[in-house]
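**Q** Need a 3D model of the sequence below.
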Amino acid sequence: MRHLLAIAALLASAATAPAAALKNDGFETGDFGGWMFFGEGWRVSSYSKDSHRGMYGAVNDAWTNGMDGFRVVYQEVKASAGKVYRAEVWHRTVCLESSESFLEVQFLSRGGEILRQYQSEHVKGNREFAVLAIEKMVAPDHTERASIRGVVNVLTVPVVNTDYHIFDNFDFRVVTPADERTGR
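**A** Prediction:
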């Protein structure tokens with residue numbers, strides 16, 4: 001009986017564990033360790049208003065003398081077909097003039113084909129740290145991994161000020177029945 005209770009407790013704790021832990025989810029190494037990025041303007045900042053929790057946050061600067069287009073910071077983790085996932089990131093924007101940003105998740109096949117893509121709301125104005133979340137994403141057949149992405153879209157080069165997009169404390173996890181009951 002004792003063994004059955006121990007096994008049940010182990011299974012219950014595993015059911016609420018993250019899908020595959022993101023490495024350096026809050027950039028607390030002080031760099032982009034575990035993350036990849038493309039597009040200009042990315043940096044890890046220790047300025048106190050650039051982190052939600054901890055010492056660091058990832059910032060994208062859309063400069064007045066920069067280029068337009070997409071800029072992405074991302075990390076790929078293992079994911080499984082048929083499972084339900086939730087992703088979130090703490091996000092802040094400052095001086096937005098001509099850009100937007102959002103959270104994106106792409107479910108990928110073994111060969112890297114995008115099987116399904118989800119996006120959070122697109123933030124187009126200034127705001128203090130708030131959660132961007134994507135709820136109840138079902139990984140399609142043939143899913144091998146997921147790409148968790150902070151996306152900045154510079155629609156036109158800013159004229160007056162640099163636009164700042166800050167991402168911190170990413171999370172990606174399997175949604176369990178217990179999560180659904182508590183609203184997490």
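**Q** okay, and for the protein, where does confidence drop off?
**A** Counting by pLDDT under 70, the chain contains low-confidence ranges at 1-20, 177-184.
**Q** mind running it again at 90?
**A** 1-21, 66-68, 176-184 (pLDDT under 90).
**Q** Would you map the strands across it?
**A** 36-38, 42-45, 57-62, 69-78, 84-94, 99-108, 114-119, 127-138, 145-154, 163-174 (DSSP state E).
**Q** can these go into JSON lines with extra columns for distance to Ala21 and mean neighbour count?
**A** (Glycine included, C-beta is placed from N, CA and C.) Putting the strands of the chain into JSON lines (distance: least, C-beta to C-beta, whole Å; neighbours: other C-beta atoms under 10 Å) gives the following:
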{"stretch": "strand 36-38", "distance to Ala21": "17", "mean neighbour count": "14"}
{"stretch": "strand 42-45", "distance to Ala21": "19", "mean neighbour count": "18"}
{"stretch": "strand 57-62", "distance to Ala21": "17", "mean neighbour count": "25"}
{"stretch": "strand 69-78", "distance to Ala21": "8", "mean neighbour count": "17"}
{"stretch": "strand 84-94", "distance to Ala21": "13", "mean neighbour count": "21"}
{"stretch": "strand 99-108", "distance to Ala21": "16", "mean neighbour count": "22"}
{"stretch": "strand 114-119", "distance to Ala21": "20", "mean neighbour count": "14"}
{"stretch": "strand 127-138", "distance to Ala21": "18", "mean neighbour count": "15"}
{"stretch": "strand 145-154", "distance to Ala21": "11", "mean neighbour count": "23"}
{"stretch": "strand 163-174", "distance to Ala21": "9", "mean neighbour count": "23"}
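**Q** looking at those, which is closest to Gly30?
**A** strand 42-45 (6.1 Å; C-beta to C-beta).
**Q** which strands and helices sit next to that closest one?
**A** Applying 3 or more C-beta pairs under 8 Å, 6 or more residues apart in numbering; DSSP states H and E, one finds that strand 42-45 makes contact with strand 57-62.
**Q** Now the strand it packs on - C-alpha only, PDB.
**A** The C-alpha coordinates for strand 57-62 follow below in PDB (Å, rounded to 0.1, in the frame of the first residue of the first chain):
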ATOM      1  CA  GLY A  57      15.600  40.800 -19.100                       C
ATOM      2  CA  ALA A  58      15.900  40.500 -22.900                       C
ATOM      3  CA  VAL A  59      15.400  43.800 -24.700                       C
ATOM      4  CA  ASN A  60      14.900  44.700 -28.300                       C
ATOM      5  CA  ASP A  61      15.700  48.300 -29.300                       C
ATOM      6  CA  ALA A  62      14.000  49.500 -32.500                       C
END
